[in-house]
Every structure is written in structure tokens, then in C-alpha cells.
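Colleague: build me a model:
(chains A and B)
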Amino acid sequence: MSELLDLYAEVAGRDVVNHLYQLAAPLKGMKVVHVNSTKEGGGVAEILRKLVPMMEALGLDVKWEVLEGSPDFYQCTKGFHNAIQGFPVELSESMLEAYETVNVENAERLRPVLEEADFVFIHDPQPAPFLNFCPNRRGKWVWRCHIDCSRPYRPVWKYLKKWIQDYDASIFSLAQFAQILPHPQYLIAPSIDPLSEKNIDLPEEEIRGVFDQFGLKPDLPFILQVSRFDRFKDPLGVIEAYKQARKMVPLQLVLAGGGATDDPEGEKVLEEVRKAAEDNEDIHVLLLPPDAHRTINALQRASDIVLQKSIKEGFGLTVTEAMWKGKPVIGGDTGGIRLQVVDHFTGFRVRSPEGAALRIRYLLHRMDRLEEMGTRARRLVLENFLLTRHLREYLALMIGVLHGLEDRIDMIQ
Amino acid sequence: MAEQPDDKSPLTQPFNIRDCALVSMATGYRAQNLREFKEGLLRVHEGSIYHHFWGRFLEPQFDEPEYSNDFAAWVYHRLNEKALAEKLSVIDPTDYENIESVRQDLVERVEDRLYENEFVPWTRADEQFHFVRSQIVVLDTGRYLEIPSDLPAAVPGMTIGSIFYHFIDARKRTEDRSDDFSAWLTGWGDTYNDLRLKLMAVDPFFSSLKELRFMVTRVLEEYFSGGNS
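Modeller: Numbers count the residues shown, from 1 in each chain, chains lettered A, B, ... in the order given. Next up is the predicted model:
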């Protein structure tokens, strides 16, 4: 067994890793390429950073390629992102032209690697047109959508669909995100890496260190939301919930966010958040660099309750991270949060700042329930949302794609 | 009593431990009200009916489900139809000849409710029922058990995929709709009848696969540590 997989066996269980070896055996030596738009920031890069070496450790020949875009290109793909999540976005001809030009140039650069691969996984809309510029491809191509696609803005979706429809399969995070496409649509929830800097166990002094580092009060209950400064994450709603709860219970709020290189809108939202927080010394708005994984880890562990009050959410990996640290989560009743936050068991799902305020007060009043929900939250992640499960489903999908639409694929010799 | 294989039975072959992995797929069928739900049940691929009873065990789930299948859970939580949820929840697919008969019974129970009701119960657009199916990849672990007393040591080390394959999926493959362990034990004539009955009494509907592995292990350990061999 490889050293890397040995480490995962210690957390997830030896049986889980043995299972991966068995599943990977028929795929050994196959060339696999993943393509996305950034190596830093955002959930996709975080997943690929570990998924790729794990696939390699199982004997697959894996490459991770990144598309290089222009500011116009990222403006356009940010528009796609918002449109897929349901917001009406008008994209000009010149923006679409920038999108297509960047794709042509990058596909040209990567064509030899892509065309000789047995499997190509294209992540999100940014590199979606690649397939159309690789006419001599020999492998299976799979488009992976990490975004909440439950009600995409139709004109933009129609434009993207023309680039996606010729793939051999696509992957969505939840059943409600799947769209009408002329190929099989697999459903794979994302995952977290328990051994990453963001999730690994930390010494107690390092956890307590965040109080000094960010001027937090050690004796005051501490609620936290970690997410990019993005409207869909509703940071202003979190501040509103805090202000309402604060009338009844003393507490402090930390809004910690990073920026991703493909998110030009973040600055504007951050400014609005700072303005809403400026008259309250117990609201801390932290703009953290993309590599502040350990700091985020410590903040999550130091907090009492974690919020993820999103209005729209693909999956919500910050929810998974908090639950892994034994924290109950108060989350927006949307997307993948529903799969993780089991109402009254691992946290609460809410639809308004008032709902979030009510649950904050309840959990701070009932610390026994807070502890109990946190324990259950960790177990739910251990059994369902670790990287090992994600990898297992990728491997099963690869075997599935090679065998067509059969219900049962018997690999018994 | 010493283990005396019944030589006439092919089931006395060593037990081949298998494993499986499941990946879910969208079917394109969804329902927002009880009538659409019935239409979906009628039209969806039979693999979806199987998935919502059994395949869900290999999907993320909390291990204290109120209902024994996804259909009943949605009807209760989203349509607020408690009586129908209870009627759907008692359906045990192993009581039926095949999955088509399960489908017919589901449809009939839903139709009965539609007939009784003056309006069609419905839910919000973002709380629809999504019919899902799955692909199962079955693998050979290359490991074998020679005799039944090997079971208590082997089961705790099995993956949840193996537990699913031998204890859940087996119910649609074995002649008496039981698990593979019980089926294998029949090869020893009446020797292991007690153990077979105990294994068949383990209700798989309300546990996670990890819990199920623990429950099966406990049955095996109690049996073999009680002087049986």
C-alpha cells in the first residue's frame, strides 16, 4: 500500500482503502487528465489537489492541467457561474468571444495530452468547449459541474449546452442539479480531505491562538461563517442574524473569506459587508489569503457554531469542514446543505436571518444539544463525505462509462 | 457438531467474498405532486425502483431513517401524507416476484390515495422527488471462506460494499430472497439452521451499512462462541 493511502486508511479505515485498490485494479495504467481554471482558491482546486495524487497512488497515470484566461474571460465565466445559479445575466458578444478564444488557445496548448488520454474530466464551464477542439480524442470525456444548476438562466444554459452535449457523460453534485442532456448524468457529491491543512487535527494552543491573532474575546460565544464574499453566501444576512441574536445573548461573529482568482465580484461584496459591520466591535471581517488553510481550520475549531447561510449553494464544502470538526451548522435550506445538515440532528436549516438568529439562541442556550449535534455531524462526514468516498465514486463511474448504461457491471473473471 | 458439507449442493463451494461500488445517475424524471409521482413510478427505469429501496444504502444517509424507502420518506416529508407514507413503507421488495410487481403495488397504493383525495397534494419546486437509478460494479476480492466458522473473523473486515453485496443486493439474487451468508449455510444441510434463522431475522431497513456489519458480526460471534462450530 502507498504511504499516502496508508495515511487515509488511518482516518477512514483500512477496509475503505482496500476497496479503492480493488476498484482501481481494472483501470491501472490508464491516462487520466483533469482540467479546471485555477490551482488556488475555491473548492474544485482543493479537491483536485488531493484527488490527483490519490489516483496516482492507485496506479492511474494522472495529470492536472489548468486553463490560463484573460480578465475578460474570467468576467464572462463569472457571468456563467451566476447564470447557472439562476440569476439573469446578459453576456455580450465580445465576452463570449473572449471565452471562446481562450478555450481555442488553451485547447491548442493542451491538445496532445487531452487527445491521448483515456479519460478527460473537465471541471465547470470555464474549459467546457475543449472537447470540441480536440477532434482526434480517443478516450472518454466527462464534464463535471460543481455549481448549483437546479434552475439555470435559460439563455446562458442554452449557449453552454452546445459545448457540453457531446461529452460521454456529465457529473452533477445532486439530482436536482441534473439537466436534460443526451448522455448519462452521474451524481457525485463532493468531499473534504481529512488530511489537508484545512481539516487536520490541530494542537489546542494553535486553536486558542486565533483569539489573540484576530482580537477575539475568549469568553464570548463565537459564531463563524467561512466563505467567499459572494452574494449567494449571504454575508449580509449573517450580520443581520447576528444582530438579532445579539439582542438576547452576548456573542461575537467572524466572517472569514478568501478570494479566488476567478472571482472579480468579491471586492464589491466585501465593501458592503465592511460597511454593515463597521459600528460593531464584535463583528470581525477577515479577508484571508488563499493559503490560510490552517487559520481557517483553527477558526472553525475555536468557534461554537458555524453558519453557512447561503441562498444558493453548489454543495457547501465549508459545511462539511465544520461538521468534520464536530460543529453543528446553521445552514441555508438550499443545494447540498440539505444533504449534510439534517434538521435537528446535525444542525438546522433556515430560510431567513430571523431563522438563523433563533437557532443561534437555541444552541447557545442548550449546550447539551450543541455537543450532541456536533458529534453526529462528524460521524455523518466520516461515513459519507470524505475524499475516499469521492474517489470511490469516480472510479466506479469510470468503469461505468466504459461499460455503457448497464445496471450491473460484473468484473468477476 | 463437526461441519458436514452436503456434497450434492453447489453451495458448499468456498464462499467467494465479493465487493461492489455504486454510482448514482439521474433519470430525468421528477415529481412535484402526487400525480406526477405516480406517473414517474409508472415510467421510470426499473433500476430506479431498486435504487430507492436498496441502492440508497450506499449513498449518504443519516443512520436513523424513519421510513424504509425514499418514496415513503418524500411522501411524508414533502407532501405531508402520513398514511400513504406508512402504506409505502411496509412494502418489502423481497415479498414480490420481481421489481415490476413492486412498481405495480407502489402505483396502486398511490392511485388509491389520489382516488380518496379531493385535491392533489403538492410541494415546492425545490423539494421535488428526483427519481435516481444506479450502476453497480461488482468485484472479486480474491478472498474465500472455506467453512462457516470463518465468518465471524471475516465479516468485521469486510468493506461496506461487501456488506451491501452479500446482505442487501443478495435479496434479489438468492432463491429464498435472503442474504448470501444464509444461502451459503444451506449447503451444510440442517447444521446451521439456527444461525440462518438468526441472520435472516436481522432487519436491514433501518441501519447504515456499518451498523449492519456490526449487527451481523454480533450474531455470528454469539453463535460460534456459544459452543457451535
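
Colleague: helix or strand with the lowest mean pLDDT in chain B?
Modeller: helix B:160-163 (a mean of 90; mean pLDDT, DSSP states H and E).

Colleague: what about that one, distance to the chain center?
Modeller: 12 Å (C-alpha atoms, centre = their mean, to the nearest Å).

Colleague: what of stretch A:154-172?
Modeller: 20 Å.

Colleague: can you list the residues of chain B near chain A?
Modeller: B:18-19, B:21-26, B:28, B:30, B:47, B:50, B:59-64, B:125-126, B:128, B:130, B:132-141, B:157-161, B:208, B:210 (C-beta under 8 Å from any C-beta of the partner chain). All C-beta atoms are positioned from the backbone trio N, CA, C, and that covers glycine.

Colleague: so which of these are in helices?
Modeller: Judged by DSSP state H, these include B:47, B:50, B:160-161, B:210 as members of helices.

Colleague: looking at these, which one is closest to chain A?
Modeller: B:Gly47 (4.7 Å; C-beta to the nearest C-beta).

Colleague: just checking, that closest one touches B:Arg133?
Modeller: Yes. Here B:Gly47 reaches B:Arg133: they are 3.9 Å apart, a contact under C-beta atoms under 8 Å.

Colleague: need the overlap of contacts for the two.
Modeller: By C-beta atoms under 8 Å, 6 or more residues apart in numbering or on different chains, B:Gly47 and B:Arg133 have these common neighbours: A:Asp407.

Colleague: any part of stretch A:368-385 near chain B?
Modeller: Yes. Under the criterion of C-beta under 8 Å from any C-beta, stretch A:368-385 makes contact with chain B via A:376, A:380, A:383-385.

Colleague: of all those, which two lie farthest apart?
Modeller: Greatest spacing in the residues of stretch A:368-385 next to chain B, by C-beta to C-beta: A:Arg376 and A:Phe385 (13.3 Å).

Colleague: compare the two (neighbour count), which wins?
Modeller: Between A:Arg376 and A:Phe385, A:Phe385 has the larger neighbour count (other C-beta atoms under 10 Å in any protein chain shown), namely 26 against 20.

Colleague: which phi and psi does that one have?
Modeller: Per-residue torsions, A:Phe385: phi -120, psi 20 (degrees, to the nearest 10).

Colleague: got the contact list for it?
Modeller: So A:Phe385 contacts A:189-192, A:320, A:323-324, A:340, B:60 (C-beta under 8 Å, 6+ apart).

Colleague: which strand or helix spans B:Val107?
Modeller: helix B:99-116 (DSSP states H and E).

Colleague: for that helix, packing partners?
Modeller: Under the contact definition 3 or more C-beta pairs under 8 Å, 6 or more residues apart in numbering or on different chains; DSSP states H and E, helix B:99-116 sits against helix B:34-43, helix B:46-53, helix B:82-89.

Colleague: using CSV, write down the CA coordinates of the second one.
Modeller: In other words, helix B:46-53. Output in CSV follows, covering the C-alpha atoms of helix B:46-53 (Å, rounded to 0.1, in the frame of the first residue of the first chain):
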residue,chain,number,x,y,z
GLU,B,46,-36.9,-0.3,-13.0
GLY,B,47,-33.3,0.3,-11.7
SER,B,48,-34.7,3.4,-10.1
ILE,B,49,-37.3,1.5,-8.1
TYR,B,50,-34.4,-0.8,-6.9
HIS,B,51,-32.3,2.2,-6.1
HIS,B,52,-34.9,3.9,-3.9
PHE,B,53,-35.4,0.8,-1.9
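
Colleague: so how far is the next helix or strand after that helix off the chain centroid?
Modeller: Following helix B:46-53 in sequence order, the next helix or strand is helix B:70-77 (DSSP H and E). Its chain's average C-alpha position is 17 Å from that of helix B:70-77, according to C-alpha atoms, centre = their mean.

Colleague: so which bits of helix B:70-77 are buried?
Modeller: B:70-76 (16 or more other C-beta atoms under 10 Å in any protein chain shown).

Colleague: could you pull out the strands for the stretch 251-400 of chain A?
Modeller: Using DSSP state E, counting those that start in this stretch, the strands of the stretch 251-400 of chain A run over A:252-258, A:283-288, A:305-308, A:329-332, A:347-350.

Colleague: contacts only, for residue 117.
Modeller: Here I'm looking at chain A. A:31-33, A:63, A:137-139.

Colleague: that's the wrong chain, I wanted chain B
Modeller: B:Leu34.

Colleague: gap between it and B:Val107?
Modeller: Look at B:Asn117 and B:Val107: by C-beta to C-beta, to the nearest Å, they are 16 Å apart.

Colleague: equivalent analysis for B:Asp70, please.
Modeller: Distance from B:Asp70 to B:Val107, by C-beta to C-beta: 16 Å.

Colleague: then B:Phe71?
Modeller: Taking C-beta to C-beta, one finds B:Phe71 at 11 Å from B:Val107.

Colleague: got it, and A:Leu387?
Modeller: According to C-beta to C-beta, A:Leu387 and B:Val107 sit 40 Å apart.

Colleague: these two: who's more crowded?
Modeller: Shown here are A:Leu387 and B:Val107; by other C-beta under 10 Å, A:Leu387 has more neighbours (23 against 16).

Colleague: wait, doesn't that one sit right on A:Val52?
Modeller: No. If you go by C-beta under 8 Å, A:Leu387 and A:Val52 don't touch, sitting 11.2 Å apart.

Colleague: walk me through the domains of chain B.
Modeller: B:10-20+B:147-225, B:25-133 (automatic domain parsing).

Colleague: so how far is the longest one off the chain centroid?
Modeller: Going by C-alpha atoms, centre = their mean, the spacing between the C-alpha centre of domain B:25-133 and its chain's C-alpha centre is 15 Å.

Colleague: stretch A:194-208 now?
Modeller: 20 Å.

Colleague: what lies in contact with it?
Modeller: So stretch A:194-208 is in contact with A:7-8, A:11-12, A:46, A:49-50, A:192-193, A:218, A:293-294, A:296-298, A:301-302, A:321, A:324-325, A:386-387, going by C-beta under 8 Å, 6+ apart.

Colleague: list the buried residues in that stretch.
Modeller: A:194-196, A:198-199, A:202, A:207.

Colleague: what's the closest of the domains of chain B to A:Val273?
Modeller: domain B:25-133 (26.4 Å).

Colleague: pLDDT of the closest one, averaged?
Modeller: The predicted model assigns domain B:25-133 a mean pLDDT of 91.

Colleague: also stretch A:202-217?
Modeller: 97.

Colleague: now that stretch - C-alpha only, PDB.
Modeller: The C-alpha coordinates for stretch A:202-217 follow below in PDB (Å, rounded to 0.1, in the frame of the first residue of the first chain):
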ATOM      1  CA  LEU A 202      -4.600  20.900  15.500                       C
ATOM      2  CA  PRO A 203      -2.900  21.400  18.800                       C
ATOM      3  CA  GLU A 204      -5.100  23.200  21.400                       C
ATOM      4  CA  GLU A 205      -2.700  26.200  21.700                       C
ATOM      5  CA  GLU A 206      -2.900  26.800  17.900                       C
ATOM      6  CA  ILE A 207      -6.700  26.800  18.100                       C
ATOM      7  CA  ARG A 208      -6.700  29.200  21.100                       C
ATOM      8  CA  GLY A 209      -4.200  31.300  19.200                       C
ATOM      9  CA  VAL A 210      -6.800  32.700  16.900                       C
ATOM     10  CA  PHE A 211      -8.300  34.700  19.800                       C
ATOM     11  CA  ASP A 212      -5.100  36.800  20.100                       C
ATOM     12  CA  GLN A 213      -4.400  36.800  16.400                       C
ATOM     13  CA  PHE A 214      -7.700  38.400  15.500                       C
ATOM     14  CA  GLY A 215      -8.600  40.300  18.700                       C
ATOM     15  CA  LEU A 216     -11.400  37.900  19.600                       C
ATOM     16  CA  LYS A 217     -12.800  37.700  23.200                       C
END
